[in-house]
Every structure is written in structure tokens, then in C-alpha cells.
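Trainee: The following block contains a protein sequence and its predicted model.
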Number of protein chains: 2
Amino acid sequence: MIGIHPLTRVPEIAPGDNLARLLGDALRAGGLAIQENDILVVTQKIVSKAEGRFIRLADVKPGAEALRLAAQTGKDPRLVEIVLAESVGIVRAAGPVLITRHRSGLVMANAGVDRSNLGPGREESALLLPLDPDASARRIADGLATQFGRAPGVIISDSFGRPWRLGVVNVAIGAAGAPVLLDYRGRLDRDGRKLEVTQIATADLIASAAGLAMGESAEGVPAALLRGYRFSDEGPDAASTLVRPLQEDLFR
Amino acid sequence: MIGIHPLTRVPEIAPGDNLARLLGDALRAGGLAIQENDILVVTQKIVSKAEGRFIRLADVKPGAEALRLAAQTGKDPRLVEIVLAESVGIVRAAGPVLITRHRSGLVMANAGVDRSNLGPGREESALLLPLDPDASARRIADGLATQFGRAPGVIISDSFGRPWRLGVVNVAIGAAGAPVLLDYRGRLDRDGRKLEVTQIATADLIASAAGLAMGESAEGVPAALLRGYRFSDEGPDAASTLVRPLQEDLFR
């Protein structure tokens, strides 16, 4: 049995907070110590907050492309300027939708720039993705190891839309010490045929599973512990591995 | 806490099998009765097998378009003919990849036509998606209700690739009595701002969570029970709801 435990005792996070310490407190408050194969899933939002990734809209001066795209999408030109500064390319601007390729390679709405639930006094700010989510995950894992004597796997999740399906799902944008991609290329099925499905995005499955325990976006829980999923340490453990290389992008 | 219980005692499924009965047996063998809010996730493969959705390659005569696409993708022309017959349009044919829009609206590789782990004597066959996966889910739920006095939610899952990310994840292609799409449109966040993320594809999160317990594709478990996820009966309960309407497809 795999268990997903929501961490309900995480306080509002502010820049400079020791996130690993606060997550450790929340684990202890929930009666949870770190066991072998535990994986802690943490939302991008609290990681970005702890890392102070806020930007004040008043400090942003939109350029010509931002003004044009803002008019096209009905968005705040300052927000569009922030999105463009975070992006290496525009994938689609259609109706109210602005999908870009973030400089990390992630293709997502508004380059992951977030304006919901930023906390008191942040109404006129936006929140960027962590600078290096895999490194953020590693720092959290290390910080928890000093508290519990053992590091959990850590996955940093964010919610992504999909081109052909409604609703968002959670995916892994950062990871450390957790399984990311199971690779069965070259393996045979039970009948001796080469397997058709050969790579499984395990970290995204874990992020989505945790999304269930994190609940709704309005008053959601920002972290959850996944326990009982047995995995080996083989294979990549950085979520950046899951970004499909640009040359394999079928939609360019 | 949410628990995901793999059903390890499901036998090889053949056309005409009473799938609800066999899943009920596997639940009982695992010491599981149906409780309130339980959701049973079942892979498309065993649903299609029970419904006899096999087609023999020897019975297929590829047409001109199938021959052309087979040459382009390196696939068996008879398989391509089957894929085209299941599809209402080709989304991308590039390299070895053939992505189509299945007549159900699902955009997926090879229209969901499956050739792995089809079972003994089926090496020269292919397996189509269930004719109506939402109806299949309803039949399984009803069949379990007669055994347990209560119907679980049922989700039928399949694995999908993604345009910009490596690896497949599990999504819901059929559902009955399970939460499919949480809709927060018009809701406010804690700071009184309109929420940015407004629809959550709950059924896909559940399918992905179950995917962890189902394990690897080579010798995987074909069903898992999700327990402890509280949901209301409001909102849609058909997985077809999750198909983004064609007119909203940003990539046409």
C-alpha cells in the first residue's frame, strides 16, 4: 500500500524562511519521521516564497512586445513583461492564453509566474519559479537529513495545463533523491514482444498523487509525504530530465 | 491519509470474462471491501480484453493512406490501417510517432491501439480501446455494487505521452461515480483575488496516483483501489468531460 499524507501544519512562508526546518516541524506535528523510500512533495509556491522570488509589478516597465501581447491576451502588460523575461520563446498566444517556454525548458502558461495566494501585502506582486528547482529540492532534502538522520526524496510540484485535456495536473519541476523517469527501453513484455511504452514519468505520477492530498487550490495544503512507493536509486533524479529536448518537440 | 492498494490477484483476462466479478474476487483476496469514497482504477487493457476488442492483423487490408503513413513512420501498415479506422484526424506523424485524434476526442499515440502484453496466442493481434469507456466504467461499478452492496467510483486509465515532457503518465479515459473535474471558476483566493488555476483534472490525478501502485508496464498490476480521498457527488462523472473541445484546441 502506498500512503499519501498531507502536511497540514505548514505556516505561511515568507522570504528567507528556513523551509526545510518548517517542513520538518510540520512532519513532526503530523507524527511523521522520515523512513526509507519516503518522498516529500512540496509545491513550487512555498519554495518560491521562501526563496524570495517576488517581483513588484510597480517595478516593471513593459516593452513593446509585452504591450502587444497584453493587448492580445487581455493581461496586465507588466505581468506579460515578467513572463517574457522568464521565457526563451512563445509557444502560443491565443485568446486569454499565453503559453511560453520557460528558460528551464518547461512549457507552461505564463512561464509559471503566479499571482494567487501570494499572501498579505503581495497583492501587487508576482511570484516567479525557483531559480533552479532541482537545486531547491536538494537543499530541502539536505535540510531534512540533518533533522531526521535520513533524507527523503524531494519533489517540487507545479500545476500544468494540457493541450488537449481540460483541467490542470501536478507535475514535477524539481527533484532530488526521488525517482524521475523509469526507462524500459529494450525490455520485452510477457509475450516476448518489445514494449511499446518504454518510459514512465514517475516523478510526475508522484506529483499528481500528492496533488490529491494537497486538495483544492484555494485553501490547499502545500506539501504531502508519499510513503510506501518502493524505488531504486538507479536512473536520473533531476526533474529537468523530464523536459523533452527541443529537437524532439513535435510542435515546433 | 489517502491509500493506494494494488490489486495483485487479477487473473489474465479473456473476451467475455465478467470483469466486475474478477475484480471483486481480487478485492476480497486483498482483504478489501468497498467503503464510502473508494475509487477503483482499472487499466484500459483488461477492460478492452474483457470486451473482446481484439483485431487480427491478418484480417486487415491497409489502404493507400495507411501504406503512406506506414512508410513514413516505419510501422506495420496493417496497424496503421487500424489506427486510422479508430481516428477522426491525424495530429502528428513525425519520425516513428503517429499521434491521432481518436473518435472519442482523445489525442494519443496510435489511437490507443495496443500490442503489448496481449496474452498467449494474441501475438498477431492488436487491442482497441473500449467502445465507450464511460459506459464500461459504469458497468464495472454496477457489477461491484451487486457484490459489495455499494458501488465504488470507477476510473479506466490509459498511459499518454505529452508533447513537451518525456515519459508517459496515466490519465482517465473512462469514469463513473468518481470525481472528474473540480471547477473553481469564479472562486477567490485567500487574498480575495480571482483564482488563476480554476479547473483541476481530478480523475487524471487519481489515474496517475494509481499508476504508481500498478507499477511497471512489463509485469504491472492492472487495477488499484484508492481509499480516503473525500469527494462530493457534485460535478461531472464522465471522463469524456476531460476532452478539451476541438474549438478550444490551441494546436489546430
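Mentor: Okay, I see it.

Trainee: which secondary structure element contains A:L67?
Mentor: Remark: A:L67 resides in helix A:64-73, with elements defined by DSSP states H and E.

Trainee: tell me the contacts of A:G16?
Mentor: For A:G16, the contact set (Cβ atoms under 8 Å, 6 or more residues apart in numbering or on different chains) comprises A:A50, A:G52. Heads up, the C-betas are built off the backbone N, CA and C, glycines and all.

Trainee: any idea how far it is from A:S116?
Mentor: Using Cβ to Cβ, to the nearest Å, A:G16 is found at 22 Å from A:S116.

Trainee: The helix or strand where A:L212 lies and chain B in contact?
Mentor: Using DSSP H and E, A:L212 maps to helix A:202-214. Yes: counting by Cβ under 8 Å from any Cβ of the partner chain, chain B is contacted by helix A:202-214 at A:T202, A:D204, A:L205, A:I206, A:S208, A:A209, A:G211, A:L212, A:A213.

Trainee: Columns neighbour count on top of those residues, output as JSON lines?
Mentor: Shown next, in JSON lines, are the residues of helix A:202-214 next to chain B (neighbours: other Cβ atoms under 10 Å in any protein chain shown):
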{"residue": "A:T202", "neighbour count": "27"}
{"residue": "A:D204", "neighbour count": "30"}
{"residue": "A:L205", "neighbour count": "30"}
{"residue": "A:I206", "neighbour count": "32"}
{"residue": "A:S208", "neighbour count": "30"}
{"residue": "A:A209", "neighbour count": "29"}
{"residue": "A:G211", "neighbour count": "29"}
{"residue": "A:L212", "neighbour count": "24"}
{"residue": "A:A213", "neighbour count": "25"}
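
Trainee: Please convert the residues you listed to JSON lines, extending it with distance to A:K45 and pLDDT.
Mentor: Listed next are these as JSON lines, based on distance: Cβ to Cβ, whole Å; pLDDT from 0 to 100:
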{"residue": "A:T202", "distance to A:K45": "23", "pLDDT": "96"}
{"residue": "A:D204", "distance to A:K45": "18", "pLDDT": "98"}
{"residue": "A:L205", "distance to A:K45": "21", "pLDDT": "98"}
{"residue": "A:I206", "distance to A:K45": "18", "pLDDT": "98"}
{"residue": "A:S208", "distance to A:K45": "17", "pLDDT": "98"}
{"residue": "A:A209", "distance to A:K45": "18", "pLDDT": "98"}
{"residue": "A:G211", "distance to A:K45": "13", "pLDDT": "96"}
{"residue": "A:L212", "distance to A:K45": "17", "pLDDT": "96"}
{"residue": "A:A213", "distance to A:K45": "16", "pLDDT": "94"}
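
Trainee: Turn the residues you listed into TSV, including distance to B:L98.
Mentor: Formatted as TSV, those follow (distance: Cβ to Cβ, whole Å):
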residue	distance to B:L98
A:T202	25
A:D204	23
A:L205	25
A:I206	29
A:S208	26
A:A209	30
A:G211	30
A:L212	32
A:A213	37
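
Trainee: And the helices in the stretch 51-200 of chain A, which stretches?
Mentor: A:64-73, A:77-86, A:133-148 (DSSP state H, counting those that start in this stretch).

Trainee: hmm, back to that, helix A:77-86 and the helix holding A:L67, what's the angle between them?
Mentor: With axes from the mean of the first three to the mean of the last three Cα atoms, to 10 degrees as the basis, helix A:64-73 and helix A:77-86 are set at 120 degrees to each other.

Trainee: where are the low-confidence patches of the stretch 101-250 of chain A?
Mentor: Residue ranges of the stretch 101-250 of chain A with pLDDT under 70: A:197, A:216-219, A:250.

Trainee: what are the ranges of the strands in it?
Mentor: For the stretch 101-250 of chain A, the strands defined by DSSP state E, counting those that start in this stretch occupy A:107-109, A:125-127, A:153-160, A:169-176, A:182-183, A:199-200, A:223-227.

Trainee: The fifth one pairs with which strands?
Mentor: The strands beside strand A:182-183 in its sheet (DSSP bridges) come out as strand A:199-200 (antiparallel).

Trainee: mind checking how far the partner strand is from the chain centre?
Mentor: Mean-position distance between strand A:199-200 and its chain equals 19 Å (Cα atoms, centre = their mean, to the nearest Å).

Trainee: ok, the spatially most central residue of chain A to chain B distance?
Mentor: Nearest to the mean C-alpha position of chain A, counting by Cα atoms, centre = their mean, stands A:S157 at 2.7 Å. With distances taken as Cβ to the nearest Cβ, to the nearest Å, A:S157 is found 11 Å from chain B.

Trainee: Identify the residues contacting the residue lying closest to that residue once chain neighbours are set aside.
Mentor: In space, A:S157 comes closest to A:A207 once its chain neighbours are excluded; the distance is 3.9 Å by Cβ to Cβ, 6 or more residues apart in numbering or on different chains. Contacts for A:A207 were tallied using Cβ under 8 Å, 6+ apart; they are A:V41, A:I155, A:S157, A:N170, A:V171, A:A172.

Trainee: Hmm, A:S208 and the fifth one touching each other?
Mentor: Just to be clear, that refers to A:V171. Yes: taking contacts as Cβ atoms under 8 Å, A:V171 lies within contact range of A:S208: 7.4 Å.

Trainee: Might one say that A:L144 is in contact with A:I34?
Mentor: Yes: counting by Cβ under 8 Å, A:I34 is a contact partner of A:L144 at 6.2 Å.

Trainee: Which neighbours do the two have in common?
Mentor: With Cβ under 8 Å, 6+ apart, A:L144 and A:I34 have common neighbours A:L27, A:A151, A:P152.

Trainee: Tell me how many other residues crowd the last one.
Mentor: Residues contacting A:P152 under the criterion other Cβ atoms under 10 Å in any protein chain shown number 27.

Trainee: Could I get the contacting residues of it?
Mentor: A:I34, A:D38, A:I39, A:L40, A:A141, A:L144, A:G177, A:L225.

Trainee: between the residues you listed, which has the most around it?
Mentor: Neighbour max across the contacts of A:P152 (other Cβ under 10 Å) = A:L40, 31 neighbours.

Trainee: Regarding that one, what is its secondary structure?
Mentor: At A:L40, secondary structure determined by DSSP: H, G, I helix; E, B strand; the rest coil is strand.

Trainee: Wait, it touches A:L144, no?
Mentor: Yes: look at A:L40 against A:L144 with Cβ under 8 Å: they come within range, at 7.1 Å.

Trainee: Mind telling me what element the residue nearest to A:T146 when sequence neighbours are not counted is part of?
Mentor: Using Cβ to Cβ, 6+ apart and skipping the chain neighbours, the partner closest in space to A:T146 is A:A20 (7.9 Å). Element membership of A:A20 [criterion: DSSP H and E] is helix A:19-29.

Trainee: Residues touching that helix, excluding its own?
Mentor: A:7-11, A:13, A:33-34, A:40, A:42, A:46-47, A:50, A:139-140, A:142-144, A:146-148, A:223, A:225.

Trainee: What subset of those is buried?
Mentor: A:7, A:10, A:13, A:34, A:40, A:42, A:46-47, A:50, A:139-140, A:143-144, A:147-148, A:223, A:225 (16 or more other Cβ atoms under 10 Å in any protein chain shown).

Trainee: The closest residue to chain B within the stretch 51-200 of chain A: what's it in contact with?
Mentor: In the stretch 51-200 of chain A, the residue that lies nearest chain B is A:G167 (3.0 Å; Cβ to the nearest Cβ). Applying Cβ under 8 Å, 6+ apart to A:G167 gives the contacts A:G161, B:L181, B:L182, B:Q199, B:I200, B:A201, B:T202, B:D204, B:L242.
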